[in-house]
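**Student:** Here is my input; please provide its structure:
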Amino acid sequence: MAISNKELEYNKNDDVMRLKITQLRRELEKIYEGGGKKRIAKLHESGKLTARERIDLLLDPGAERIEIGAFAGYEMYEEYGGCPAGGVVIEIGFIKGKQCIVVANDATVKAGAWFPITGKKNLRAQEIAMENKLPIIYLVDSAGVFLPMQDEIFPDKEHFGRIFRNNAVMSSMGIVQIAAVMGSCVAGGAYLPIMSDESLIVNKTGTIFLAGSYLVKAAIGESIDNETLGGATTHTEISGVCDYNTENDQDCLETIRELVDKIGATENAGFDRKEALLPLKDPKDIYGIIPADRSKPYNVREIIKCLVDESKFTEYKANYGKSIVCAYARVDGWSVGIVANNREIVKNAKGEMQFGGVIYSDSADKAARFIMNCNQKNIPLVFLQDVTGFMVGSKSEHGGIIKDGAKMVNAMSNSVVPKFTIVTGNSYGAGNYAMCGKAYDPRLIVGWPTAEIAVMGGSAAAKVLLQIEVASLKAKGEEITPEREKELFNLIKDRYDRQTSPYYAASRLWIDAIIDPIETRKIISMGIEMANHKKAEKPYNVGVIQT
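**Tutor:** Sure thing, here's the model as predicted:
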């Protein structure tokens with residue numbers, strides 16, 4: 001039997017997606033090695049476990065978990081030898097059945113020193129804890145600020161000091177914080193254990209001090225070894241800084257598990273959950289649905305069927321504002337409201353063609369109303385982003401596209417129910433904003449390997465930038481041949497394309513993770529479970545909206 005064009009297209013799409021996922025796994029394997037096998041071996045020789053080994057022992061075996069910021073620092077700081085995962089490992093998982101977030105310094109990466117991206121990643125973990133009232137566990141093993149870049153990590157509002165400010169704020173909010181000193185804890189970082197609710201220290205390997213023995217000698221002339229200055233015995237028997245003296249990493253982690261086990265129940269935000277049911281449509285069908293050629297159309301409803309329980313959803317205003325699909329559904333039993341860019345080319349009620357992935361006035365109006373309804377009914381929101389932006393041109397401007405777009409942005413920005421964003425494809429321009437990009441406080445934001453985040457697509461941007469470059473060169477008297485113009489275009493486009501890749505976005509924490517599409521249900525489910533720990537602090541109010 002001959003294979004249809006549709007089947008050939010599906011198979012091609014599937015192949016391309018699987019290649020992207022293979023690349024993703026290959027890059028993650030490199031990151032998981034941290035500072036490299038030699039440094040891991042050296043850590044083991046000193047009787048210590050790696051950050052990832054510590055987390056593995058701390059979290060419940062076999063339970064679901066999510067890593068945040070694995071690609072932080074990816075292809076950054078190359079002049080200093082790189083900074084895999086930003087020098088810190090962060091995971092959301094379960095300890096004795098209780099959902100927590102764990103922050104573990106990776107001592108194999110520059111002795112756990114803080115680069116600028118390390119600070120940003122630690123603050124992201126604290127933000128997640130504060131937004132969701134999630135217990136946070138710090139596994140401390142750090143040499144402190146990376147001195148060659150101290151001006152980019154030390155003094156500003158979103159730098160190193162913000163960590164301790166957040167410690168204090170979280171304590172006032174009743175968020176459980178447990179710190180375990182499993183290696184170095186120096187200078188300003190020494191405040192973290194005592195600003196946590198409870199602190200542990202590992203005997204002979206954990207040390208806490210504002211200044212180490214060499215600096216003490218230089219500053220005041222006192223000769224003292226680090227263990228006597230700030231080891232486990234000192235801080236559990238003399239200073240009282242730490243609460244528990246543990247024998248080794250394993251003993252320390254087991255003690256943390258027992259402490260978490262005794263934490264009492266917290267409030268519940270009341271998000272609705274029923275028995276979880278698998279989609280009838282195989283989630284791996286997503287591989288063949290997402291076009292390898294990102295300019296080609298597809299029906300986002302087919303993606304939704306791969307993600308929601310029983311592949312069943314109730315579409316809101318199905319025949320109005322067709323470039324956005326709004327629907328109620330369940331994901332792993334949780335009730336959700338889905339706002340998804342539709343990539344089909346469709347006709348509106350007036351018989352006018354509408355391009356897929358573009359937000360039109362009617363779509364923005366529909367999405368705004370749907371978001372308000374979800375807030376009214378206490379239903380978490382899921383955004384599936386594959387958007388090229390808002391419709392432009394005189395017809396759209398005269399029709400009030402700015403007003404309708406502002407209405408959608410307002411309704412989304414003021415949402416008090418948790419928002420979760422999945423960047424499945426394009427995330428361009430103001431479309432990124434309206435569909436709950438990073439600036440709009442999604443509780444979690446992740447991208448598929450097909451994600452692209454930028455002001456505009458590579459070809460369009462390269463054409464604009466080429467015009468500027470050619471004009472500049474001509475002004476300097478340089479003659480631009482067609483061949484030279486093509487060469488410039490390719491150089492500009494290649495540079496721009498690198499900046500739109502999901503790896504570039506993830507390295508800067510514009511997204512929390514790059515995931516295999518089949519992990520999307522887990523991200524949404526675990527995200528809502530953590531969000532359910534904290535009720536909204538205020539009623540839903542959109543303020544002034546122009547109609």
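**Student:** Can you list the low-confidence ranges for this protein?
**Tutor:** Within the chain, the stretches with pLDDT under 70 are 1-2, 188, 457-459, 461-462, 464, 547.
**Student:** which residue ranges form the helices in the stretch 251-400 of the chain?
**Tutor:** Under the criterion DSSP state H, counting those that start in this stretch, helices of the stretch 251-400 of the chain are mapped to 286-289, 300-307, 361-376, 394-398.
**Student:** Can you tell me what sits against the first one?
**Tutor:** Contacts of helix 286-289 from elsewhere in the structure, counted by CB atoms under 8 Å, 6 or more residues apart in numbering, are 10, 11, 13, 14, 17, 18, 298, 302, 303, 306, 517, 518. All C-beta spots, glycine's among them, are computed from the backbone N, C-alpha and C.
**Student:** and the host helix or strand of residue 22, how far from the chain's centre?
**Tutor:** With elements delineated by DSSP states H and E, residue 22 resides in helix 5-32, which encompasses its position. Going by CA atoms, centre = their mean, to the nearest Å, the spacing between the C-alpha centre of helix 5-32 and its chain's C-alpha centre is 21 Å.
**Student:** And residue 206, its phi and psi?
**Tutor:** Phi and psi for residue 206, reported as degrees, to the nearest 10, are phi -90, psi 130.
**Student:** quick one, what contacts it?
**Tutor:** Neighbouring residues of residue 206 by CB under 8 Å, 6+ apart: 180, 181, 182, 183, 185, 231, 232.
**Student:** Confirm the first one sits in a strand?
**Tutor:** Translated: residue 180. Yes - when the secondary structure is assigned by DSSP: H, G, I helix; E, B strand; the rest coil, residue 180 falls within a strand.
**Student:** What's opposite it in the beta bridge?
**Tutor:** Using DSSP bridges, the beta-bridge partners of residue 180 come out as residue 139, residue 200.
**Student:** and it, how many neighbours does it have?
**Tutor:** 31 (other CB atoms under 10 Å).
**Student:** Contact partners for it?
**Tutor:** Counting by CB under 8 Å, 6+ apart, residue 180 makes contact with 137-140, 199-202, 206, 246, 252-253, 256.
**Student:** Let's see that with 10 Å instead.
**Tutor:** Residues counted as contacts of residue 180 (CB atoms under 10 Å, 6 or more residues apart in numbering) are 54, 58, 104, 137-141, 193, 196, 198-202, 206, 242, 244, 246, 249, 252-253, 255-256, 259.
**Student:** now do the third one
**Tutor:** Each residue near residue 182 by CB under 10 Å, 6+ apart is listed here: 48-49, 51, 54, 104-105, 107, 138-141, 200-202, 205-206, 246, 248-249, 252-253.
**Student:** Run through the helices of the stretch 401-547 of the chain in chain order.
**Tutor:** Using DSSP H, counting those that start in this stretch, the helices assigned to the stretch 401-547 of the chain run over residues 401-413, 429-434, 458-475, 482-500, 502-507, 520-531.
**Student:** returning to what we had before: so after the helix holding residue 22, what's the next helix or strand?
**Tutor:** The next secondary structure element downstream of helix 5-32 (using DSSP H and E) turns out to be helix 37-45.
**Student:** Tell me what angle the helix or strand just after that next one forms with helix 37-45.
**Tutor:** The first helix or strand that comes after helix 37-45 along the chain, using DSSP H and E, is helix 51-58. With axes from the mean of the first three to the mean of the last three CA atoms, to 10 degrees defining the directions, helix 51-58 sits at 50 degrees from helix 37-45.
**Student:** Buried residues of helix 51-58, list them for me.
**Tutor:** Residues of helix 51-58 classed as buried: 51, 52, 53, 54, 55, 57, 58 (neighbour count, 16 or more other CB atoms under 10 Å).
**Student:** Tally up the residues packed near the closest residue to the last one other than its chain neighbours, please.
**Tutor:** Spatial nearest neighbour of residue 58, chain neighbours left out: residue 253 (4.8 Å); criterion: CB to CB, 6 or more residues apart in numbering. Close neighbours of residue 253, defined as other CB under 10 Å, add up to 25.
**Student:** got it, and residue 36?
**Tutor:** Burial measure for residue 36: 14 neighbouring residues, criterion other CB under 10 Å.
**Student:** Pull up the gap between it and residue 111, please.
**Tutor:** Applying CB to CB, to the nearest Å, the value for residue 36 to residue 111 is 13 Å.
**Student:** What are the neighbouring residues in contact with the residue lying closest to residue 146 once chain neighbours are set aside?
**Tutor:** The shortest distance from residue 146 to any residue other than its chain neighbours is 4.1 Å, reached at residue 113 (CB to CB, 6+ apart). Shown here is residue 113, whose contacts under the criterion CB under 10 Å, 6+ apart are 80, 83, 87, 105, 107, 142-149, 153, 184.
**Student:** Out of the residues you listed, grab the one that's most surrounded.
**Tutor:** For the contacts of residue 113, neighbours tallied by other CB under 10 Å; top is residue 87, 31 neighbours.
**Student:** Settle this for me: it is touching residue 121, isn't it.
**Tutor:** Yes - taking contacts as CB atoms under 10 Å, residue 87 lies within contact range of residue 121: 8.4 Å.
**Student:** where do the contact lists of those two overlap?
**Tutor:** With contacts taken as CB under 10 Å, 6+ apart, the residues that reach both residue 87 and residue 121 are 72, 73, 114, 115.
**Student:** For those residues, which single residue is the most surrounded?
**Tutor:** Neighbours here are counted as other CB under 10 Å. On that basis the top member of the shared contacts of residue 87 and residue 121 is residue 114, with 30 neighbours.
**Student:** which residues does that residue form a beta bridge with?
**Tutor:** With DSSP bridges applied, residue 114 shows beta-bridge pairing to residue 145.
**Student:** And for residue 244?
**Tutor:** Beta-bridge partners for residue 244, by DSSP bridges, are residue 200.
**Student:** That one reaches residue 200, doesn't it?
**Tutor:** Yes - when contacts are counted by CB under 10 Å, residue 244 is listed as touching residue 200 (4.2 Å).
**Student:** Can you tell me which of the buried residues of helix 51-58 comes closest to residue 362?
**Tutor:** When the buried residues of helix 51-58 are compared for distance to residue 362 (CB to CB), residue 55 wins out at 47.3 Å.
**Student:** contacting residues for that closest one?
**Tutor:** In this structure, residue 55 makes contact with 49, 65, 67, 89-91, 93, 102-104, 137, 139, 253, judged by CB under 10 Å, 6+ apart.
**Student:** same question, residue 283
**Tutor:** By CB under 10 Å, 6+ apart, the residues touching residue 283 are 303, 305, 306, 307, 311, 516, 517, 518, 519, 520, 521.
**Student:** Can you say which of those residues are buried?
**Tutor:** Burial by neighbour count, judged by 16+ other CB under 10 Å, picks out 303, 305, 306, 307, 311, 516, 517, 518, 520, 521 from the contacts of residue 283.
**Student:** and those residues, which two are the farthest apart?
**Tutor:** For the buried ones among the contacts of residue 283, the maximum inter-member distance is 19.2 Å, found between 311 and 516 (CB to CB).
**Student:** For the closest residue to residue 386 other than its chain neighbours, give its distance to residue 518.
**Tutor:** The shortest distance from residue 386 to any residue other than its chain neighbours is 3.5 Å, reached at residue 425 (CB to CB, 6+ apart). As defined by CB to CB, residue 425 lies at a distance of 16 Å from residue 518.
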